[in-house]
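**Q** After the sequence you'll find the predicted model.
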Amino acid sequence: MNKHQHESASADAKLTAATDAIAGERSDLDAMTDKTVAELNRVNNKVTAMREARTSDPDTLGDKVFRMAFPAVVGLVGGKVFSSVWNLVINKVHPSPDDDEQDRQQGLIMSMLFAAASAAFGTLLSEVSTKGVQKIIARMQTKRR
């Protein structure tokens with residue numbers, strides 16, 4: 001082998017090594033590109049599903065606010081009415097200060113009774129107002145269609 005052939009073979013070997021390195025980098029780049037595209041498609045599918053869920057929701061913002069606020073207002077007003085009625089009844093049952101000692105002894109029992117009755121009344125009002133709001137909103141949605 002002469003000097004020229006040896007240099008040519010050496011250049012060919014270097015060229016082959018460089019080509020192999022480029023091909024390896026290209027396959028790494030192709031794998032990274034495929035992974036990136038797959039992640040972007042996953043995010044795109046998630047965004048599409050969220051948009052479809054939002055657009056298929058029949059509730060408007062007003063419906064959602066009404067559904068949340070109305071039972072709260074009914075509960076607040078109902079609690080105040082119950083408290084007022086309770087105080088009126090208690091004042092009629094124990095109008096004189098002569099039986100204050102007896103009232104103090106029954107205070108814990110009356111407090112527990114008030115708490116239980118108030119909670120039961122509040123739960124009843126909450127359930128009734130929630131069901132009523134559902135019916136009202138269903139009617140409004142039917143009219144909108």
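**A** Cool, got the structure. Numbering: from 1, shown residues only.
**Q** Okay, and Pro58 sits in which element?
**A** Using DSSP states H and E, Pro58 maps to neither a helix nor a strand.
**Q** and it, how many neighbours does it have?
**A** Number of residues near Pro58 (other Cβ atoms under 10 Å) recorded here: 12. For every residue, glycine as well, the C-beta is placed using N, CA and C.
**Q** contacting residues for the nearest residue to it once chain neighbours are set aside?
**A** Take Pro58 and drop its neighbours on the chain: the residue closest to it by Cβ to Cβ, 6 or more residues apart in numbering is Gln141, 5.1 Å away. Listed by Cβ atoms under 8 Å, 6 or more residues apart in numbering, the contact partners of Gln141 are Pro58, Asp59, Asp63.
**Q** which SSE is the last one in?
**A** Here Asp63, judged by DSSP H and E, is contained in helix 61-93.
**Q** Pull out the buried positions in that helix.
**A** Neighbour counts over helix 61-93 (16 or more other Cβ atoms under 10 Å) mark Asp63, Phe66, Phe70, Pro71, Val74, Gly75, Gly78, Phe82, Trp86 as buried.
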